[in-house]
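Novice: the sequence and its predicted three-dimensional model are supplied below.
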Amino acid sequence: MSNQWSKKQEAWSARFNEPMSELVKRYTASVFFDKRLAEFDIQGSLAHATMLAEAGVISSADQEAISKGMAQIQQEIANGNFQWQLDLEDVHLNIERRLTELVGDAGKRLHTGRSRNDQVATDIRLFLRHEVDRISGLIKGLIQSLVDVADRNADLVMPGFTHLQVAQPVTLGHHLLAYAEMFERDLERMQDCRKRINRLPLGAAALAGTTFPINRNRTAELLGFSEPTRNSLDSVSDRDFAIEFCAAASLVMMHISRLSEELILWMSPRYAFIDLPDRFCTGSSIMPQKKNPDVPELARGKTGRVYGHLTGLLTLMKGQPLAYNKDNQEDKEPLFDTVDTLVDTLTIFAEMVAGMKVKPARMREATLEGYATATDLADALVKKGMPFRDAHEAVARAVRYCDDHGKGLEALTVQQLQTALHLTELGYSDDLVNEALLSVLTLEGSLAARNHIGGTAPNQVRLAIAATRQRLGLGAA
Ligand code: ARG
């Protein structure tokens, strides 16, 4: 055979009249990125060989040779001695060729009854199942950090915001538990998409199935898949599971990005609610005083990158007729990068949240600045028989009075509050206001009053923390 043929082309060159240029070889090759699937490719091949031997398609001597050869290949890859060759296009052909070098004809028999089309679909599913399990553990780790910090701050008052304006007092514990809820939904989505990842495409072969007496249930069992996929054409072309994963990953990053935005605001001297440990921040090359929240800023930025991968994969699939097309080779880099971004981000955030330093005095001060208990005052008047709309009007007048006099609502005396509410003008008795009513204007009174499922009262926050710990099997702090 002429040496102008690449090793890959030798596999099918009898059909071809001219060799591939170096550029086209590089353009069509995937080995530089799909070698990351090697361990899963080998797992899949070992299961396939076992099934083939049990079905009598290959001999048990061949199967043993294949396992021995694969064990050596695993060693070579682990030690960095495996020679990855561009000429062999992808991870599958590289491993198969090395196996054949090591064990001869048994290696050439491995590909009986399968195609790279069902092989690669199997590899990605094995890879993604492994990563979904790892990511699920990392999401739990982040929830654990949020819940631990929430626990230490179950009654620490801070402003709750709407429109980024101070709205009503909440506790920091309650605020952090909102994020714990988001990430728990993300965990559920990961677990749900895992069900559809965990099905075996192997056996679909190129597209139509195979003439060999294969046992797909057995291969599924060997690889820990819940069941074989049900249609061979769909098996080799379906990438929904990868898209679904990227959608779930995008939601994780969206939540990370919202949290980042708050950490960045809270760390700015305008808020000064928290400080992040130095190891998550950087300084400025010109301004010596700066300490910048680089990690949350980067995470906010990397969110766009993960959304991009989701859009990329959706677009990759939208024009493809059945069954396998080479387009599918483009699924790997976005998927790998999504996994890597999530793994790093979640790992870092669990540690950063756990190490966040809280500044209670600043949080209280900011809560007092915004008439955060105005709704409590209106509610108290309603409980004394005033219709809510009138109470709303009276309290709005009181807030204007406070603005004019440079005072907070909680700083008014009974008499001042009577005047401020303009009660007689609105047709109500000043008797509605007494000392007891003033107590609803305190931040602690406001918090404690929201004592129902999902409310910010400190004892509800503690119950929510305990319930989250129990649902997720998290230990106490
Ligand atoms: N490297 C290919 C991929 O990632 C493997 C399958 C190739 N199949 C084919 N018919 N060319 O999709």
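Specialist: Arrived safely, thanks for sending.

Novice: for the residue of the stretch 351-477 of the chain found nearest the ligand, which non-adjacent residue is spatially closest?
Specialist: In the stretch 351-477 of the chain, the residue that lies nearest the ligand is Glu351 (35.1 Å; Cβ to the nearest ligand atom). Any C-beta I mention is one placed from the backbone N, CA and C, and that applies to glycine too. Distance criterion Cβ to Cβ, 6 or more residues apart in numbering; nearest residue to Glu351, sequence neighbours excluded, is Ser145 at 7.5 Å.

Novice: related to what we said a few turns ago, what's the offset of the helix or strand where the residue of the stretch 351-477 of the chain closest to the ligand lies from the middle of its chain?
Specialist: Glu351 is part of helix 332-354 when elements are defined by DSSP states H and E. Remark: helix 332-354 is offset 8 Å from the chain centroid, using Cα atoms, centre = their mean, to the nearest Å.

Novice: show me what it packs onto, helices and strands only.
Specialist: When contacts are defined as 3 or more Cβ pairs under 8 Å, 6 or more residues apart in numbering; DSSP states H and E, helix 332-354 sits against helix 31-34, helix 116-152, helix 240-267, helix 294-318.

Novice: include mean neighbour count, distance to Val24 and mean pLDDT when you put those into CSV, please.
Specialist: Converted to CSV, these look like this (neighbours: other Cβ atoms under 10 Å; distance: least, Cβ to Cβ, whole Å; pLDDT from 0 to 100):
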stretch, mean neighbour count, distance to Val24, mean pLDDT
helix 31-34, 18, 15, 98
helix 116-152, 22, 18, 98
helix 240-267, 21, 26, 98
helix 294-318, 18, 21, 98
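
Novice: make a markdown table out of the ones you listed and add distance to Ala436.
Specialist: Shown next, in a markdown table, are the helices and strands packed on helix 332-354 (distance: least, Cβ to Cβ, whole Å):
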| stretch | distance to Ala436 |
| --- | --- |
| helix 31-34 | 70 |
| helix 116-152 | 32 |
| helix 240-267 | 35 |
| helix 294-318 | 44 |
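
Novice: which secondary structure element contains Val166?
Specialist: Assigned by DSSP H and E, Val166 falls in strand 165-171.

Novice: for Asn94, what are its contacts?
Specialist: Contacts were defined as Cβ atoms under 8 Å, 6 or more residues apart in numbering; by that measure Asn94 touches Val31, Lys35, Phe82, Trp84, Gln85, Leu88.

Novice: from Ser13, how far out is the fourth one?
Specialist: With the distance defined as Cβ to Cβ, to the nearest Å, Trp84 ends up 21 Å from Ser13.

Novice: give me the more crowded residue out of those two.
Specialist: Ser13 (18 against 15; other Cβ atoms under 10 Å).

Novice: thinking again about what came up before, thought Asp148 was touching the residue of the stretch 351-477 of the chain closest to the ligand, still the case?
Specialist: No. Using Cβ atoms under 8 Å, Glu351 makes no contact with Asp148, being 11.9 Å away.

Novice: for the stretch 301-450 of the chain, which residues are neighbours of the ligand?
Specialist: Where the stretch 301-450 of the chain comes near the ligand, counting by Cβ under 6 Å from any ligand atom, the residues are Tyr324, Lys326, Asn328, Gln329.

Novice: who's in contact with the first one?
Specialist: Yep, that's Tyr324 we're talking about. Shown in contact with Tyr324 (Cβ under 8 Å, 6+ apart): Asn117, Ala206, Leu207, Val236, Ser237.

Novice: most neighbours of all the residues you listed, which one?
Specialist: The residue in the contacts of Tyr324 with the most neighbours, by other Cβ under 10 Å, is Val236 (27 neighbours).

Novice: off-centre distance for the helix or strand containing that residue?
Specialist: Val236 is part of helix 232-237, with elements assigned from DSSP H and E. Relative to its parent chain, helix 232-237 has a centroid offset of 28 Å by Cα atoms, centre = their mean.

Novice: cool, stretch 294-309 as well?
Specialist: 12 Å.

Novice: now do it: everything it contacts.
Specialist: Residues outside stretch 294-309 that contact it (Cβ under 8 Å, 6+ apart): 246, 249-250, 253-254, 256-257, 259-261, 263-264, 276, 280-282, 334-335, 337-338, 341-342, 345, 348-349, 352.

Novice: and with 7 Å instead?
Specialist: Residues from elsewhere that reach stretch 294-309 (Cβ atoms under 7 Å, 6 or more residues apart in numbering): 246, 249-250, 253-254, 256-257, 260-261, 263-264, 280-282, 334, 337-338, 341, 345, 348, 352.

Novice: one more: stretch 403-415?
Specialist: Residues contacting stretch 403-415 (Cβ under 7 Å, 6+ apart): 368, 371, 373-374, 377, 398, 402, 420, 433-435, 438, 441-442.

Novice: need these in TSV with secondary structure and distance to His174, can you?
Specialist: Shown next, in TSV, are the contacts of stretch 403-415 (DSSP: H, G, I helix; E, B strand; the rest coil; distance: Cβ to Cβ, whole Å):
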residue	secondary structure	distance to His174
Leu368	helix	18
Tyr371	coil	20
Thr373	coil	16
Ala374	helix	19
Leu377	helix	21
Ala398	helix	26
Cys402	helix	26
Ala420	helix	29
Val433	coil	29
Asn434	coil	30
Glu435	helix	29
Leu438	helix	24
Leu441	helix	20
Thr442	coil	17
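
Novice: can you flag the buried ones in these?
Specialist: The neighbour count (16 or more other Cβ atoms under 10 Å) marks Leu368, Tyr371, Thr373, Ala374, Leu377, Ala398, Cys402, Ala420, Val433, Leu438, Leu441, Thr442 as buried among the contacts of stretch 403-415.

Novice: what pLDDT does the third one get?
Specialist: According to the model's per-residue confidence, Thr373 sits at a pLDDT of 93.
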